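Chemist: One predicted model, sequence on top.
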Amino acid sequence: MSDSTGAPGSPDPADRPDEGGAGQSARPADPGAVSPADVAFESIVDNETDRDPDLAVIEAGSRTLRASVGPAASAGEQLPGTPSDPAVAEALREVEKELLDRWPETRLDPSLARIEALMDVLGEPQRGYPAIHLTGTNGKTTTARMIEALFGAFELRTGRFSSPHVQSITERISLDGRPIAPERFVEVYRDLRPYLDLVDAAQEHRLSFFEVLTAMAYAAFADAPVDVAVVEVGMGGSWDCTNVIDAGVAVLTPIALDHTDRLGDTPERIAVEKAGIIKSGATVVLAGQTVEAAAVVLRRAVEVDATVAREGMEFGVLSREVAVGGQLLTLRGLGGEYPDVFLPLHGAHMARNAVVALAAVEAFFGIGATRARTLDPEIVRQAFATVTSPGRLEVVRTGPTVLLDAAHNPAGAAATAEAVEEAFGFSRLIGVVGATVGKDVRGLLDAFEPVFAEVVVTRNSGSRAVDPDELAALAVEVFGEDRVRVEPRLDDAIEAAVSLAEEDGEAAGYGGVGVLVTGSVITVGEARLLLGGES
């Protein structure tokens, strides 16, 4: 194992601890020496800190890193960054600060009392439109984006609420397939603030960060107004604050172990919580599950007289072929077959997400229940061809290929590893991993071990990021000491991974090497900014 020390965004290179220690340094050098790259990095931090301290380090790393990593890939979805208008940017920062002063998403109280009280004083905005509600362990956000794209292709106005965000908090609330404008985000918050104060004063605990965002989404959707809302739970289902919505279609993506300290330590226990989004008379679109998890969902459906459509029974992927830039699918929906569907995303799991999304939209339109026909296949093809999913096996650089994927649990990592091998076939792939406390990090590393030639462990700027040395100790157990390198700063980690990938000169010349940045949504979001994903 190699080691290189230094804290993310340290203001002065001289403040960094001496390199070295028990292991051999990854980049042997005079501990007192300061490289030109470090000088450039620190000077940019100094210049940017007055503008936005939280983004200064990322901006600095981005400018010093891009030249060494190769050209950007063809433009994908442009996620929102810092607003260009300084007044709007400052207002957005103030709102985000007020939100973050509340209970964080990681602190939960299993109660709907506060959000129900807020919805009541707001006039129940979530009752003003039909909805599709999604839960599950993996695939929720991509499936929600696919549903949104299908509705948009059929000329319905959509509102989508997803979490967490990759780059900007405004991504969490989308209208007509685009993140809400920063100005509108600020306006919605300010409109709600008197009601937030009212509810806060009447409750034992103040409304949480996520409860306020949920209320903002529901209010924004009602004000737009939207024809349909696509709502992703934050965690679980039964007591997730999004569950004040009465959705006619409930989607359950694959259920696996995650958030076990809060949801339960078996798929069955987790399924009990997630099945709580199923309302009386709803249609349940059930992705492939373990027998135990499926049994829980089916029992809940019987209890509330819901109709169930099951992947592999009522709908499914009939065939798929790897294609340039994605895959070509034949899908069987609730009303029939849809051949020649091009999906510009990689992996069998993305194909399954696509057919779940298709079945959900069919169910919304009554297909399979009251109508025995398909949706217009050409419109379906057009919709899927436009789908993007930032941070999900997203190519952000070429020469060598740099991929970003937000896998953060063993099941997600296994799906990503399989997809990388199938779609890219790298002869040498280097991993960059920055994980989050509380996750099954060992399981995540185990899933990636067969596909990573070496791994560079690092950290993101989040308060719950796993310490790089602790992450390295786990990585050594999985990969062995010779295949692990430590780079505490993310830009250094990506640069080191690129250098390691290119050590095989022959493979690099033929495009057979790559870098995969993964481990958490925060790590991927910061890497996307570093590598120019915003511009």
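Modeler: Cool, got the structure.
Chemist: Low-confidence bits of the stretch 101-250 of the chain, can you list those?
Modeler: 105-108 (pLDDT under 70).
Chemist: Strands along that one, start to end?
Modeler: Secondary structure of the stretch 101-250 of the chain (DSSP state E, counting those that start in this stretch): strands located at 131-135, 158-161, 173-175, 178-179, 228-232, 249-252.
Chemist: Centre of the chain to the shortest one, how far?
Modeler: Think strand 178-179. With Cα atoms, centre = their mean, to the nearest Å as the basis, strand 178-179 stands 15 Å off its chain's centre.
Chemist: helices or strands up against the one helix or strand Thr416 maps to?
Modeler: Per DSSP states H and E, Thr416 falls inside helix 410-423. With contacts defined as 3 or more Cβ pairs under 8 Å, 6 or more residues apart in numbering; DSSP states H and E, helix 410-423 has these neighbours: helix 348-364, helix 441-448, strand 513-518. From N, CA and C alone the C-beta is placed, and that goes for glycine too.
Chemist: quick one: the strands in the stretch 401-535 of the chain?
Modeler: Ranges of strands in the stretch 401-535 of the chain, per DSSP E, counting those that start in this stretch, are 401-404, 428-433, 454-457, 484-486, 513-518.
Chemist: And for the first one, what's in contact with it?
Modeler: So the one you mean is strand 401-404. The contact list for strand 401-404, computed with Cβ atoms under 8 Å, 6 or more residues apart in numbering, reads 69-70, 390-391, 393-396, 420, 424, 426, 494, 498, 511, 513-518, 524, 527-528, 531, 533.
Chemist: hmm, back to that, turn the strands of the stretch 401-535 of the chain into TSV, columns for mean neighbour count.
Modeler: Listed next are the strands of the stretch 401-535 of the chain as TSV, based on neighbours: other Cβ atoms under 10 Å:
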stretch	mean neighbour count
strand 401-404	25
strand 428-433	28
strand 454-457	29
strand 484-486	26
strand 513-518	28
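Chemist: Tabulate these (CSV), appending mean pLDDT and distance to Arg157.
Modeler: Output for the strands of the stretch 401-535 of the chain, formatted as CSV (pLDDT from 0 to 100; distance: least, Cβ to Cβ, whole Å):
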stretch, mean pLDDT, distance to Arg157
strand 401-404, 95, 30
strand 428-433, 97, 39
strand 454-457, 98, 44
strand 484-486, 97, 49
strand 513-518, 96, 35
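Chemist: Turn these into JSON lines, columns for distance to Gly281.
Modeler: Below are the strands of the stretch 401-535 of the chain laid out as JSON lines (distance: least, Cβ to Cβ, whole Å):
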{"stretch": "strand 401-404", "distance to Gly281": "40"}
{"stretch": "strand 428-433", "distance to Gly281": "44"}
{"stretch": "strand 454-457", "distance to Gly281": "49"}
{"stretch": "strand 484-486", "distance to Gly281": "53"}
{"stretch": "strand 513-518", "distance to Gly281": "40"}
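Chemist: Figure out which of those strands is closest to Met313.
Modeler: strand 513-518 (32.7 Å; Cβ to Cβ).
Chemist: which helices and strands sit right next to the closest one?
Modeler: In this structure, strand 513-518 packs against strand 401-404, helix 410-423, strand 428-433, helix 490-501, helix 521-530, with contacts taken as 3+ Cβ pairs under 8 Å, 6+ apart.
Chemist: follow-up on the earlier one: output the strands of the stretch 101-250 of the chain as CSV; include the columns mean neighbour count and distance to Arg442.
Modeler: Below are the strands of the stretch 101-250 of the chain laid out as CSV (neighbours: other Cβ atoms under 10 Å; distance: least, Cβ to Cβ, whole Å):
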stretch, mean neighbour count, distance to Arg442
strand 131-135, 29, 26
strand 158-161, 27, 32
strand 173-175, 22, 35
strand 178-179, 18, 35
strand 228-232, 26, 27
strand 249-252, 29, 27
